[in-house]
Structures are given as structure tokens and as C-alpha cells.
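Q: I need the structure of the sequence given here:
(chains A and B, ligands or ions: 6)
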There are 2 protein chains.
Amino acid sequence: PSTTAQHPPLISAFLNSGSNYTISNYLRHLTLHPHLAGTPPSSAVVDYVKTHFESFHLQTHVTDYSVLLSYHLHSSLTAHFSNTTAAVPLPLTEPGLDSDSEVVKPYHAYSPSGSAYGKAVYVYHGREEDYRALASAGVDVKGCVAVAKRGGGMSRNAVVAKAAEKGVLAVVMYTDNNGGGVERGTVLDGVGDPMTPGWAATGGDVERLGVEDSEVLKRFPTVASLPISAETAALILESLEGARVTHLWKDVDLVGKLDRVGPGPTFLNFTYQGENKMATIQNVFAVIRGSEEPDRFVVLGNHRDAWTYGAVDPNSGTAALIDIARRYSLMMRMGWSPQRTIFLCSWDAEEFGMIGSTEWVEQNLANLGSKAVAYINVDCAVQGPGFFAGTTPQLDDILVEVTKKVTDPDFSDSTLFEKWRTSSEVPMIQRLSDVFSDFAPFLHHAGVPSIDLYYGKDFPVYHTAFDSYDWMVKYGDPFFHRHVAVASVWGLLGLRLADDPIIPFNYLSYALQLQNHTDSLYKLLEGDDVSLHPITSTIQELEDAAKQVEDEIKKMREEESEGRVSVMKRRILNDRLMLAERGFLDSDGIKGRQWFKHLVYGPASESKLGFFPGVADAIYESKEGKKQQAMIQHEIWRVARAIQRAAAALKGQLN
Amino acid sequence: PSTTAQHPPLISAFLNSGSNYTISNYLRHLTLHPHLAGTPPSSAVVDYVKTHFESFHLQTHVTDYSVLLSYHLHSSLTAHFSNTTAAVPLPLTEPGLDSDSEVVKPYHAYSPSGSAYGKAVYVYHGREEDYRALASAGVDVKGCVAVAKRGGGMSRNAVVAKAAEKGVLAVVMYTDNNGGGVERGTVLDGVGDPMTPGWAATGGDVERLGVEDSEVLKRFPTVASLPISAETAALILESLEGARVTHLWKDVDLVGKLDRVGPGPTFLNFTYQGENKMATIQNVFAVIRGSEEPDRFVVLGNHRDAWTYGAVDPNSGTAALIDIARRYSLMMRMGWSPQRTIFLCSWDAEEFGMIGSTEWVEQNLANLGSKAVAYINVDCAVQGPGFFAGTTPQLDDILVEVTKKVTDPDFSDSTLFEKWRTSSEVPMIQRLSDVFSDFAPFLHHAGVPSIDLYYGKDFPVYHTAFDSYDWMVKYGDPFFHRHVAVASVWGLLGLRLADDPIIPFNYLSYALQLQNHTDSLYKLLEGDDVSLHPITSTIQELEDAAKQVEDEIKKMREEESEGRVSVMKRRILNDRLMLAERGFLDSDGIKGRQWFKHLVYGPASESKLGFFPGVADAIYESKEGKKQQAMIQHEIWRVARAIQRAAAALKGQLN
Ligand SMILES: [Ca+2]
Ligand SMILES: [Ca+2]
Ligand SMILES: [Zn+2]
Ligand SMILES: [Zn+2]
Ligand SMILES: [Zn+2]
Ligand SMILES: [Zn+2]
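A: Ligands and ions are numbered 1, 2, ... in the order given. Next comes the predicted model:
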């Protein structure tokens, strides 16, 4: 058996065996029925993925977890407009969705059940600054039912939590440009099963916290909420009188260009009844064991559960994953065996809060921490045109390299890289601070270098009943070439990470990116009495270590070409490359959310910083009250020490 | 170059080159003057160790830290006996120690400065149960100056903290059988520099918390204390009247067989004036780079700083360490090069709270966590006759094997193992939960498998002015054969751990020991409404993994004898063996003392359990008030998950 590095024609075999017809067929079967996590129809999709992995003769297994999921039982919303006496029932589902539809009614998973009656008030994105604007305009939101518009970097949970803090009784949320659909979603804070924070919810004998435990309670919103369509929102918002505050909300694009925010005179009568219950979820795996280093893991993952049919979210990715399995299997018949072990993972219950991937990461933390090379995530593989990617920065180079090998799906005379680049001078690579897909547990909890890939963005039917195979064929990817392209980039990244004799990580990119982050932070903190010197000096240490490694790699490549490199020497270098990212983890984690251990990338409260979440939180809090410069400085020190640990791991030597 | 495994005669060379004369000479020079950490005379001892390492042509370096140390300025204690009018000054130093002695006056490092005037009261060991006995006898300790006797598993800090909680104004402590000496010591809680909890206090640009930070404050006692001699204690205790409580204190052995505990009628007038100040401390290292796996570390360590001359504590160990360096150097000239890298470490400021070793471990956490094979500690190498050892249980076998290769120092026709065994049916190996030497940061913070070795125990001149070279020659080790024996065991352990192709760890011993611990816990919890099933079932997982590894090792040895084992395959197995102990670490650590990450071995409050510190704390707290069975059960789950992580790391596979 040989690796792709030893026998490069295997790479061509991989690239040439992509098939749009096959992928479209996978997608059609995956999306025949809605398959919400924990519901009976989801088993059929488990079987579909499993059966395909097995049919490719890949070593296949399933891991089960018993977790707390949350389902819709009953919901209603009526309006009492000032110009009519009768209450007007407002639609809560998509048009054409009758009561015996197999699609679940729009709801917010983990919303508390509850009723509320109060004046409607518009709170825009529901950020602190929005409530400040409302207060300046004399608007009192206490006792009201809030109408919020999704956006502004606010998660659903953040919107509801902030609203509760302000005395709002219940929240309805709408999404612009949702094509008449209603955006379902979770309002749980954080990630993973709420009953088992930090450990795996494996079946049987496992500790589960009580629902009254403070660790559990803090993840649930305290006021009820429901999603509504933009059209339903317009019905309410058109009827509002009271203050004008649009000068602060420049991007408000309400149907009808309204600018009165209430409260009232319209009253809303809100009811939501839900049910939280234990359910079994299932992750499906295909494993290709590494021939030389079976104990080094390259992990490719996509979630499988969907709010409705899931043609975009997430099964465009699932179809691509199965296609990779098919292509890898083909290569195996040609004699391929990877140097390192490859895991293909199909996660469950991502929509409820990355639960399937998180439980698996929690279960395997010890081994992932010491042995995982990288995690490559694809969620919505295809939402429309245009390639997008997020990475931890040491993976920038290999991502660019790989996109140069893949044909652009929309311009067959060009590489994906060329078209990607034309959209900006250098390809825009995002960073992975947000918690919006399954890379979160890998990167933010376990410190595994990660990539997230997708075609198109902001697709209109997100989490609605209209996310179907038909939509994909009509709008998303009529020829399924984009699906093939994502599968090719994804699978090729897997091959390079599993087969390159020296792991293709470049930490100079990381040092450079950290310096850019620090420059942004410097601008933001101008005038503050804090010093960024601790960070800049440890970035220098990381840069020095990265340069040293680069020299060592060059030398090793020379020796390799002369056949003089021992496998041990290469392994020792690879260990340093693999483990450097772990240095960014801090056992104390982010203050108040200590499950999040990564101090460079991770979620922050209402912050637009996009990095250094602990620093971002400290800045946000200090703006809320007394300037807590000391707290900001302390968080800066913590980041500096995290960078220093990464540098030390990359150097690999004891002081 | 060859390893000792490849060329066994090197082992004989090591064993045969021990020299009692040489070691005695080292000890004599090391103990010419007192060398308290941070004081000028300590530099001479740094130079002595460094110069010797260099003279053996070993790669030598020094690491500096700036830490908060604590020194004596002024102290006085006078008694107002009921039968005299004049205040009687009580001696606070050893007899014969004049005011210009180079030995520091007895004091408690980090005691607050303060004066107190109050009735004397005897509190025995100062445990909760002792105060309960006093209360039952109607004794009110509030406003008193307490006299406490060291022992009962109470650290100095615990005695003072408990006394403060009970309303005591100041504490004087004595030690039985201290030969007229006074026991100096630290009253700081926890380990490491108090200003840099969790990170290294390297010189220059480093975050240091303020003295008012709660993380700093919680480590300092709030009432002042001083050590006194048993003779001074007797003067006070003989004068007490009031309640009798000796029926509860069966082992009280006061001079004069007194049994009245006060309070009063004697009044004590107490004054202590100390100074906490930043000082530079220095660790000295000799490094022997591994030929095949330079990135795997076997660490041998001993502290160098002493309260006085330090002939027993710690320089009997320092002399042994230098002798190992000499012998290793000799082997190198014979062509030896270890497979893995060996570090010989001479720590500073252990007496103030394991500060030198802790700062180094904090500085190197990322690399120690992923690359340290084991830490072997020797503090007081020789206190008298009889071999003693503590280990993490996977090291039991190799320790026993090594003691079979070393001649007993007191019976030259017998091995050390045979004499060690005769003291009990199987050799008694202790576990390392207590925080009394430099293994604490390695094991309790970084999860590195550890060993602690010594000859003799409970030596009478502990931390007194009489711990001198003369004492060692007269009582501790007149012929210095015990020194040689400790150096041989210690150095041979280093050789086996660095050179054995397969790391000599046996995790079946660990599983067995954990089961014994669980059995003890079961007895203690009888009648309680908690289940130990979570722990027993994960011990089974560890045992299964251990058996599987044992089979793999057997098979690998067979293949090896046929020359069929790849270095990669062996490295993969060794990684599992090396990393399994890390599984016992928990990022949340022990509740309230989260720097301590190890959930099997670590310090607990006033507990006699000696393992599972989190469970021990929960039991202790629940006895204090309402039965917090739920808290105990939660801690049991945490231990169970820690054991499961260790088992998973040993298996080395992802679920
Ligand atoms: Ca969990
Ligand atoms: Ca420190
Ligand atoms: Zn998704
Ligand atoms: Zn989604
Ligand atoms: Zn000592
Ligand atoms: Zn000591």
C-alpha cells in the first residue's frame, strides 16, 4: 500500500472521480423527508449514510448519546390592533404548510413554555446599543412583547437573554429576505447537551445534572420566544406608533419603510408550549486506518440533522461527504492507504447546539488533544455561488494550494483559486470565532486546528420549510458542480493532511494574523490605559519559533530527497506542528463560559472583535460601567501567555 | 553511541561507580553555610552545583525567577504566669544560637506581622475535631493565643487558618522530639509564587497580581504565628489550668504529662515582624540529550535551598544528584547516550512552597504535558535507616525491580529490596497525595507519573539549626552508604525510564490500587446514600486497557527479539503509556483549589483519605453541616470520568 505522497497519480484519481450526478442522487435521497434530530424519520438518514459507507467497504460505526432535545407542542400569536376590536390571529408557519405537514412548525428549541400579553415594541437586533437608542427616545420596553430582527452578530440566545434583562415578556424574531419562510433555530446558550457539560452523554450510566443546577439553568433563556416570517413582522410593525429611532438603525429595511417602534398601540397575545425531552442521537463514522501512523487523526465532519428537508443545511455537505467516501474507497482499491488515520463523521443534533459533535469531542478529549492533526468541517456545502472558507491561520497555505488543484465549478477553464481570488486581492479567509457549526468543539474546546468550507452564503431559505432538493436544483446548484468542487477541496485537504510526510502547517501565517488582530485591538483601545506589549512580544516568540521550524523543514526536505530522514525525526517535528495550537487553550477558559478554552478564537458577548474573546468580553463589560482597565489588561496577559505556550510547543524544548 | 538497553555493561558501570567518599565530600561543601533561598549565601551553592555539572561536561543551564519570598525581621514571646508579676521572656531560638549566628531565627514564612496579647490555650493539632473536644469541655478559644502541636495531618497553614476561623489571635507551634530545635517552615497555602498563580514568574515583563487580589490573599494566613521548641511549649503548658481533655487526645506526650489545656491563667504576649519581598531564585539543570527521542523527558529533581545548613533537608539529595551526574558523565565517556532526554534539576525555594519547581513546571506546562515520561524526586535523601518510597502506581514494578539491583547500604550481603521487604510482607509503597516536596507541581498540576525516594524518616532535627553535616556524620549516615544507595536507586530509575525501549509502566498496578482506594472509600461511606458504581465500572475499563497493553507489549517483545519492530510502532505504544496518567487531570481541578488538577492524588482539607481529594473534601464538608450527599456523588462521578479518560488514553483509540 502507498500514500498519495508516495504515489501522486492517486491524487488525480481522487480529483477525476468526482461526479455531479452521483452527488445529486445522494442529496435527493437524503432530503426525501424532514429529519429533525431525535425524531423517527432521522433514523432513515442514519441508515442511508451508514449503508453507503459500508457499501464502500469502509470500516463503519455509530455512536449513540442520550441528550436533552426540545420540541414544539403548540404556539399561537394574535394581535389586537388599535383600529379593530377583534383579535387577529397571525400566521406562525410558512404559507402552504398545512397542519399535517411532516415539516415541524417553526419554533425555538429550548424556549421556555409561556404566555404573554403586552404591547408590541420593535427592538431591532436587540443589542445593548439598540436598547440604549430606545431608552434615549423615551421608549420603555418593560412588560412588552418584543419584535426583533435577526442580525447584528447576535445569536438567538443573546437576543432573548438581553430582552429578558430589559423586562420584555416574550420575543418574536424575524429574518429579512427569507422568501416567506420562518427561521427555526435553537435558543440554547453554548454548545453540547445541557445536562452533561464537559463530559459525554453516553447512554446508560452517566451523570446528568438536575434541571435546577445552575450550570444547566444558565444555558436556558428565561423568557419565551418564537420565530415569525418577515411578512408577519411587517403586519405588526406597520401598526406601531410612538417613537422614531431609525436614525440609529441605518440598515433598517422593513417592508413599507416604517420608522415607528412603539410600544403599541398594538397588543400581542403570545403563547408557546414546548417539550424538552431525552432523545437518542447518532453519529455515523467511516474510518480509514493510517498505515504508518494509525494514531494520528485527520477528521472530516458534517452534520446530518436538519430543521426541515435540509437540502442546503446540512445535506449538501452530507452528499459531499458520502462522495468523498466513495472516491477514497476507489483509491483504496487502487492500493492507497493513508499515512495517518482519516475519520469521516456524520454528526447528529447540530441544530440544537452542536450536540452530536460536542458529545463525541467530550468523549474523546484525551485522545483528540494529543493525537488529532486537524478537523475539516462542511455544514451547508452549497448555498449558492462563490467559494468561502474559514481556517485557523496555520492552514491558510494548504487551503490555497488545494484550491489551485480544483477546477472552478462555474468556470471550467479556471481553477477555483483564480475565481476565489478575483473577489478580493488576496483570498479572504475567515477566522473561526463564531459558534455556528461543528468546528466549535474541536477548535474552541479541544484546540484542534480547523477549517470550515462552503459555497455561497446567506441563502434565503435558511432553516425554513423551503430548504428542499427542489430549491437546490432551482437556485443553489442546478448542475451540482459546486457540490463536486466542495467535495474535491474537502477531500483533497484530507489527503494532504493525512499523507504529507511533514504536516502542511505554516505558523508564520498564524503569527502574522495575530499581529493584525493586535493592530486592530490597538486602534480599538486607543486612549485606554492598557499595554499590548505582552502580546506583541509573545507574537515575536511565535514568529521566531515558526521561522526556526521552517528552516528545519527545509533541511529535512533536503535530507529526505537524499533518503536520509528517519521516520522518528519526522514524527518529532510533526508532533510540534500538531500540538502548537493546543497552546492557545487555557484550562480556566473564557470567564463565565469556561467550557470555551481557546483564548484566540471563541465566542464573545456582543463583540465585533472576532478574536481574543476574553479581551472582547472585558472591553464590552468595561463599557457597560466603570472602566475596568485592569480586567482588560489581565485578559491581555492571558492571551499573551497563550501565545507563549503555542510558541513553546512549536519549539518543543524545555527551558 | 548506545543506550544501556543496547549495551547492559553500562548499567554495571553506573552501579559500580558509586562512591560514599565523594558524596560525603559533596555534602560537606554544600552545607558549609546556611543557604536560605533568596539570600546571598545561596548563590555559592548554585555555583557549587553548576560548576560540578559543568566539570562533568554536561550541558548546564540556570533558570531565574522573581518571586515573593518572606523573611524574619523581629519576634518576641513573653509569658505572664499567674504566680509571678514580671513578664518572663521565652526563648524563640535554639540554645546556643547567638544573635549574630548565620542561621536564620525560627519563623513562619508568609506569616502576617502582628502582635497579640491573650490567654494561652492548648489546641493539640488544631483540627476541627480538636476544637470540638475543646468546646465540649467548655473551653472558649476566642481571643486566646493558641499553642499547637505539629501533626495530625495538618499543614502549618491549615493549623493557622483553622485557628483564625475559631477566633484565636496568634498561634505558636511546637514539634515533639525536635532535639531542642525549633521547626522553621512556610505557612503559605498551596504551591508556587503567590503573585503568579498558574504562570511562570520569569524575570522582566510578567503579570503579577496585586497583594489585594483574592487569588493572592486566599493563600496567606490572617493571623500571625511562630514556631517554638517543645521545651518552650512545656513551659507554657505546665502552667495551664482549666479543662482536662486528654481522654480525647490519647497520644498527647507533653513533657510532665500535663492534661490541663487552659485558657490561662497564663497570658502570652506575642509579636512577629516579617518582611515579604521580591527575590531572585535559581534552578540549575544538567541535560543529557536523548539520541533517538530527544523530545521525551525523564526528569530527576531535588531542591537545594535549606532553612539552615540543610545536611539532611535537602542537600543529602543534592549530593546524591551531583553523584548521579558524575556517574552518568562517566558512562558517556564509555559511549553511553540515552534513548530519551534526561534532565537533572536542582530546585530553589522549595521551603517557601515548592516555588522553584512550580515556576518551571508552569513555564514548561505545554511541553511537559505532552512529552514528560516521569519525574523522580528526592528531597531528604537520608534521614536515617530504612528505605521509603512513594510512587504513582504504574511505577511500582520498575521501582521494585531497581531495588533488586542495588546493594543494601547497611547489609552488604543483601539487596536493598530484601531489607525493604522484611519491614513488611510486600514493600510498602506510599502514594503521593501530600504536598510536601517538588513532585507536587509535576504530578498534581501536570499529571506526570512521579516517584519520591528517601532513607529514614521523621528525623529529629527537621528544619532546625541542628540539620548539619555533623549531625549527618553522627546520626544520619556515618558511612554515607545510604547516600550511595539512594543515588543508585534514583539514577538507575532514570536509566530504565530513559533507555528501556518500551517505557516500564504497569497500569494493572494502577487499576488494582484504585480498586483498593475504592474499597476503603466504600467502608467510609457505609450508610451514606451514594453509589461507587461509576468508579468501579471505569476501573474495569482501565484494567481492560492495561491488560490489552500488556498483551501488546508481550507481542512486541517477541517481534523485537526477531528484529521485526519498527521504531514508529514502539513510539505509538510508548505515547499511550506516557499519556495515560494525564487522563486523571481535570481542567476544573479540585474545587476551591483549581490549580490542583489531578483527581486521584492531591491534597484535601483535613482528610485522612489520601486519595480522591475532591471526594475527600466533599465528605469533610458534609460532616461539617448538612449531609451533602449530592456533592459527594458528583465528586465520585468526576473521579470516574478521570479514570475513564486515563483508560481511553491508554487504549489510544477514538470512539
Ligand atoms: Ca456533554
Ligand atoms: Ca507562578
Ligand atoms: Zn447546519
Ligand atoms: Zn442550521
Ligand atoms: Zn526539603
Ligand atoms: Zn524542608
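Q: number of residues surrounding A:E293?
A: The number of residues packed near A:E293 is 21, by other Cβ atoms under 10 Å in any protein chain shown. Glycine gets a C-beta too; all of them are placed from N, C-alpha and C.
Q: bridging residues for it?
A: A:R340 (DSSP bridges).
Q: distance check, it against A:T3.
A: Separation of A:E293 from A:T3 (Cβ to Cβ, to the nearest Å) stands at 10 Å.
Q: common neighbours of these two, please.
A: Common contacts of A:E293 and A:T3, defined by Cβ atoms under 8 Å, 6 or more residues apart in numbering or on different chains, comprise A:Q339.
Q: A:Y510 - that's part of a helix, no?
A: Yes: judged by DSSP: H, G, I helix; E, B strand; the rest coil, A:Y510 forms part of a helix.
Q: in contact with it, which residues?
A: For A:Y510, the contact set (Cβ under 8 Å, 6+ apart) comprises A:392-394, A:542, A:546, A:646.
Q: out of those residues, who's the most crowded?
A: Neighbour-wise, these (other Cβ under 10 Å) top out at A:A646, 32 neighbours.
Q: A:R150: neighbour count?
A: A:R150, neighbours per other Cβ under 10 Å, totals 20.
Q: with adjacent residues omitted, what lies nearest to it?
A: A:T175 (4.6 Å; Cβ to Cβ, 6 or more residues apart in numbering or on different chains).
Q: pLDDT at the one you found, what is it?
A: Note on A:T175: pLDDT of 93.
Q: isn't it up against A:Y462?
A: Yes: contact criterion Cβ atoms under 8 Å: A:T175 and A:Y462 qualify, at 7.2 Å.
Q: any residues in contact with both of the two?
A: Common neighbours of A:T175 and A:Y462 (Cβ under 8 Å, 6+ apart) are A:E183.
Q: hey, where'd the helices end up in the stretch 151-300 of chain A?
A: A:156-165, A:214-217, A:230-237 (DSSP state H, counting those that start in this stretch).
Q: return the most buried member of those.
A: Comparing the helices of the stretch 151-300 of chain A by mean neighbour count (mean count of other Cβ atoms under 10 Å in any protein chain shown), helix A:156-165 ranks first with a mean of 23.
Q: packing partners for that helix?
A: strand A:145-149, strand A:170-174, strand A:185-186, strand A:224-227 (3 or more Cβ pairs under 8 Å, 6 or more residues apart in numbering or on different chains; DSSP states H and E).
Q: specify the angle between that helix and strand A:170-174 in degrees.
A: 140 degrees (axes from the mean of the first three to the mean of the last three Cα atoms, to 10 degrees).
Q: does ligand 3 have contacts with whatever helix or strand A:G317 lives in?
A: Applying DSSP states H and E as the criterion places A:G317 in helix A:315-333. No: residues of helix A:315-333 are not located near ligand 3 by Cβ under 5 Å from the ion, the shortest gap being 7.8 Å.
Q: so what's A:Y309 up against?
A: Neighbours of A:Y309 in contact, by Cβ under 8 Å, 6+ apart: A:31, A:33-34, A:103, A:315, A:465, A:467-469.
Q: helix, strand or coil for it?
A: coil.
Q: closest residue of the stretch 301-450 of chain A to ligand 2?
A: Nearest residue of the stretch 301-450 of chain A to ligand 2, counting by Cβ to the ion: A:G447, 22.1 Å away.
Q: so where do the strands sit in chain A?
A: Remark: strands assigned in chain A by DSSP state E are A:59-80, A:88-89, A:108-109, A:114-122, A:145-149, A:170-174, A:185-186, A:224-227, A:267-288, A:293-303, A:340-347, A:372-382, A:387-391, A:450-455.
Q: tally of neighbours for A:N269?
A: Per other Cβ under 10 Å, the neighbour tally for A:N269 reads 18.
Q: ok, and the closest non-adjacent residue to it?
A: In space, and not counting its chain neighbours, A:N269 is closest to A:T78: 4.6 Å by Cβ to Cβ, 6+ apart.
Q: identify the bridge partners of the one you found.
A: Here A:T78, judged by DSSP bridges, has bridge partners A:P89, A:N269.
Q: next, count neighbours for it.
A: 15.
Q: wait, it touches A:L268, no?
A: Yes: shown here, A:T78 and A:L268 form a contact pair, counting by Cβ under 8 Å, at 7.4 Å.
Q: for the residue of the stretch 151-300 of chain A found nearest chain B, which non-adjacent residue is closest in space?
A: Residue nearest to chain B within the stretch 151-300 of chain A: A:E207 (3.9 Å; Cβ to the nearest Cβ). Leaving aside its chain neighbours, A:E207 sits nearest to B:W637 (3.9 Å; criterion: Cβ to Cβ, 6+ apart).
Q: neighbours around the one you found, how many?
A: B:W637: 20 neighbours (other Cβ under 10 Å).
Q: quick one: it and B:P534 touch, right?
A: Yes: using Cβ under 8 Å, B:W637 is in contact with B:P534, at 5.4 Å.
Q: residues from chain A in reach of ligand 2?
A: So chain A never meets ligand 2 (Cβ under 5 Å from the ion).
Q: which helix or strand in chain A has the lowest average pLDDT?
A: Lowest mean confidence among the helices and strands of chain A (mean pLDDT, DSSP states H and E): helix A:613-624, at a mean of 82.
Q: quick one: contacts of that helix?
A: Under Cβ under 8 Å, 6+ apart, the answer for helix A:613-624 is A:128, A:433, A:521, A:524-525, A:590-592, A:596, A:599, A:601-607, A:609, A:628-629, A:631-632, A:634-636, A:638-639.
Q: which residues touch the residue of the stretch 301-450 of chain A closest to ligand 2?
A: Counted by Cβ under 8 Å, 6+ apart, A:G447 has contacts A:369, A:581-585, A:597-598.
Q: quick one: which of these is nearest to chain B?
A: A:G583 (5.0 Å).
Q: list the contacts for that closest one?
A: A:447, A:642-650, B:366.
Q: same check, this time on A:P294
A: Each residue near A:P294 by Cβ under 8 Å, 6+ apart is listed here: A:340-341, B:572.
Q: from what I can see A:S488 touches A:S12, true?
A: No: in this structure A:S488 lies outside contact range of A:S12 using Cβ under 8 Å: 11.6 Å.
Q: so the two - more neighbours on which side?
A: Neighbour count, other Cβ under 10 Å: between A:S488 and A:S12, A:S488 has more, with 26 against 11.
Q: how about the nearest residue to the more buried one, chain neighbours excluded?
A: A:S488 sits nearest to A:V406 (Cβ to Cβ, 6+ apart), 4.5 Å away.
Q: just give the number of residues close to the residue nearest to A:Y601 when sequence neighbours are not counted.
A: Among residues not flanking A:Y601 along the chain, A:S433 sits closest, at 4.6 Å (Cβ to Cβ, 6+ apart). By other Cβ under 10 Å, 23 other residues sit near A:S433.
Q: A:S433 and ligand 5, how far apart?
A: Noted for A:S433: a distance of 47 Å to ligand 5, by Cβ to the ion, to the nearest Å.
Q: what does A:F459 give?
A: 67 Å.
Q: over to A:G153?
A: With Cβ to the ion as the criterion, A:G153 and ligand 5 are 55 Å apart.
Q: quick check: that residue touching A:A604?
A: No: in this structure A:G153 lies outside contact range of A:A604 using Cβ under 8 Å: 9.6 Å.
Q: what's near enough to touch the closest residue to ligand 3 within the stretch 151-300 of chain A?
A: Using Cβ to the ion, the single residue of the stretch 151-300 of chain A nearest to ligand 3 is A:G185, 10.4 Å away. Contact analysis of A:G185 by Cβ under 8 Å, 6+ apart lists A:108-109, A:156, A:227, A:307, A:351, A:463.
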